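Trainee: What follows is a predicted protein model with its sequence.
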There are 2 protein chains.
Amino acid sequence: MGTHERKEREKEQRREDILDAAQRVFFERGLAVATMDDIAETAELSKGTLYLYYKSKEDLYLTVMMRGMQLLYDVFSEVANGAYSPAKMLSRLSEVYLNYFNNHRDYFRMMHYLQAPQFHKQISEEVKQSCSVLNQRIWDLVNGMLQQCIDGGLLRKDLNPAEVGLILWSSATALMLRIDNEEGIWREAFQLNLHDVLKLSNSLLFDAICTEKGRLELKALSNS
Amino acid sequence: MGTHERKEREKEQRREDILDAAQRVFFERGLAVATMDDIAETAELSKGTLYLYYKSKEDLYLTVMMRGMQLLYDVFSEVANGAYSPAKMLSRLSEVYLNYFNNHRDYFRMMHYLQAPQFHKQISEEVKQSCSVLNQRIWDLVNGMLQQCIDGGLLRKDLNPAEVGLILWSSATALMLRIDNEEGIWREAFQLNLHDVLKLSNSLLFDAICTEKGRLELKALSNS
DNA sequence: CGTAATTAATGACCATCAGTCATTTATTTC
DNA sequence: GAAATAAATGACTGATGGTCATTAATTACG
């Protein structure tokens, strides 16, 4: 009798249903404003039931967020497996990250609204672990690509791919966060178009990390 | 009779005392974990009294934070008024910001733990206004210095000082935030020393925004 | 079947905490 | 020194994350 297996599937399905509900609520309201009662109501379950499947609100939040991380992993994977030249790979990488920001803003937001150590208290070890594994996989992927760019002569050989990756990602992300929640302020107070600033920031950094030859390759690409 | 004036002074003093208490508590626990009862106890007052002087917990938080902003304004001011050469000015600017990060970590943290729009709900218009005025003054100061760097031939003439300022500040700050709460993770998972990454990031960006002549000047400085 | 045992779901309840307000205490005025 | 004013208090409210004894549904099995 496959009763046990069916029940396992049903349980897994319920876990997913709850996650879907949580996603809707977190997307709409954010971690701090979303309440477990909102999520329970959206999932058409009682609050107590949520806690049978997830240990805390933060666990639920991170589990939704991991969907976004997986999505990012997938788009980066496509670039990594796209048999591109180093120059094309680097430009695609920056392109797909910008697309990710534009088209999956909700996930992007979730991934960066977690700095504060206060929110880490309620996270279970399992979820923290899964999160960090997924994170590591993404970085390994990116570092691999950057290593290829270095080996291919696009990027300066004296640079460490992990350092370059962190610098590129960190500066792009910082500006994206401003775009996400301060775009109006910067436009009004300083007449700055943050999207342009992001482009400039990227091109300055690319300029600085490329070899002479690499710069020409990238320029050729952006002109085509 | 100066009774009225004395009472005004006393009131102002109490406001400061409450702010001192709030600062101690926020430094120690952060916005989310600090409670108004903690602050009240530290100030040796009842919670109700706090609300006679500040409209909300968030207002109190921002008012403490503004002390930090003023401090930053002051150190930037010193650089602006230091009669430095453009190259020296730029390197001092980046130096004092790093010092600020290292020596006033608590204020630094406070200034960057406010992204989430959820926390902005309870902020009064007055405080928001003061904050934004102070912010504007800091940026005007920095933009003025960067304009001098451009005029002095250190930085490329085709760049907009506001854009350059935002890029430099934003990338440095993003890495400082990592240093502040993820230093161990990056060291262990990727063998990265984030302080070195910050230095590299800065030097890459400086390289990219300087004129040929500017690069030499900066290099001469860092060798001396 | 039908009954016992197991599993799943519930929602009343608890603790915490920002913010309020009727009451109390202190100060000033005259 | 009594009345008026100002300052301070802390019990209370409402919101919310999380718990758990109870109830409902499902399964196992004689």
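Mentor: Good, I have the coordinates.

Trainee: mind giving me the domain ranges of chain A?
Mentor: Split into domains by automatic domain parsing, chain A comes to A:1-54, A:57-223.

Trainee: most tightly surrounded among those domains?
Mentor: domain A:57-223 (a mean of 17; mean count of other Cβ atoms under 10 Å in any protein chain shown). For the C-beta atoms, the positions are set from N, CA and C on the backbone; glycine is no exception.

Trainee: and that domain, is it in reach of DNA strand C?
Mentor: No. Taking Cβ under 7 Å from any atom of the strand as the criterion, domain A:57-223 and DNA strand C are apart, separated by no less than 10.6 Å.

Trainee: got the contact list for residue A:72?
Mentor: Going by Cβ atoms under 8 Å, 6 or more residues apart in numbering or on different chains, residue A:72 touches A:100, A:107, A:138.

Trainee: pLDDT on the helix or strand hosting it, on average?
Mentor: Using DSSP states H and E, residue A:72 maps to helix A:57-80. Averaged across helix A:57-80, pLDDT comes to 98.

Trainee: Distance from the chain centre to that helix, please.
Mentor: 6 Å (Cα atoms, centre = their mean, to the nearest Å).

Trainee: same question, stretch A:30-45
Mentor: 23 Å.

Trainee: All the helices of chain A, residue numbers only.
Mentor: Counting by DSSP state H, chain A has these helices, from start to end: A:3-33, A:36-43, A:47-53, A:57-80, A:86-103, A:105-111, A:125-151, A:161-190, A:194-209, A:212-223.

Trainee: Show me the one of the ones you listed that comes nearest residue B:130.
Mentor: helix A:161-190 (14.9 Å; Cβ to Cβ).

Trainee: thinking again about what came up before, so can I have CSV of the helices of chain A showing distance to DNA strand D?
Mentor: Below are the helices of chain A laid out as CSV (distance: least, Cβ to the nearest atom of the strand, whole Å):
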stretch, distance to DNA strand D
helix A:3-33, 4
helix A:36-43, 4
helix A:47-53, 3
helix A:57-80, 4
helix A:86-103, 27
helix A:105-111, 16
helix A:125-151, 12
helix A:161-190, 21
helix A:194-209, 31
helix A:212-223, 46
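
Trainee: Run through chain A and note the low-pLDDT ranges.
Mentor: Scanning chain A for pLDDT under 70 picks out A:1-2, A:115-120.

Trainee: just to revisit the earlier point, make CSV out of the contacts of residue A:72 and add distance to residue A:155.
Mentor: Shown next, in CSV, are the contacts of residue A:72 (distance: Cβ to Cβ, whole Å):
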residue, distance to residue A:155
A:100, 22
A:107, 28
A:138, 19
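
Trainee: With respect to DNA strand C, which of these is nearest?
Mentor: residue A:107 (27.0 Å; Cβ to the nearest atom of the strand).

Trainee: Not counting sequence-adjacent ones, nearest residue to that closest one?
Mentor: In this structure, residue A:107 finds its nearest non-sequential neighbour in residue A:68, 2.7 Å apart by Cβ to Cβ, 6 or more residues apart in numbering or on different chains.

Trainee: Residue A:195 now?
Mentor: That would be residue A:179: by Cβ to Cβ, 6+ apart, it lies 6.6 Å from residue A:195.

Trainee: Over to residue A:73?
Mentor: Closest to residue A:73 by Cβ to Cβ, 6+ apart is residue A:138, at 5.2 Å.

Trainee: can you pull the contacts of the one you found?
Mentor: Contacts of residue A:138 by Cβ under 8 Å, 6+ apart are A:69, A:72-73, A:76.

Trainee: What of residue A:148?
Mentor: With Cβ under 8 Å, 6+ apart, residue A:148 has these contacts: A:86, A:89.

Trainee: Return the distance of it relative to residue A:86.
Mentor: Going from residue A:148 to residue A:86 by Cβ to Cβ, to the nearest Å gives 6 Å.

Trainee: Kindly report the same for residue A:107.
Mentor: For residue A:107 relative to residue A:86 (Cβ to Cβ), the value is 28 Å.

Trainee: For residue A:191, what are phi and psi?
Mentor: phi 50, psi 40 (degrees, to the nearest 10).

Trainee: Just confirm residue A:38 contacts residue A:31, I think it does.
Mentor: No. With contact defined as Cβ atoms under 8 Å, residue A:38 does not count as touching residue A:31 (11.8 Å).

Trainee: in chain A, what residue is nearest DNA strand C?
Mentor: Counting by Cβ to the nearest atom of the strand, chain A gets nearest DNA strand C through residue A:48, at 1.8 Å.

Trainee: hang on, the earlier thing: in this model residue A:110 seems to touch the residue nearest to residue A:107, though I could be wrong.
Mentor: Yes. Here residue A:68 reaches residue A:110: they are 5.9 Å apart, a contact under Cβ under 8 Å.

Trainee: quick one, the helix holding residue A:72 and helix A:125-151 angle?
Mentor: 20 degrees (axes from the mean of the first three to the mean of the last three Cα atoms, to 10 degrees).

Trainee: what's the angle from helix A:57-80 to helix A:3-33?
Mentor: Using the same axes, to 10 degrees: helix A:57-80 against helix A:3-33 is 100 degrees.

Trainee: Thank you, goodbye.
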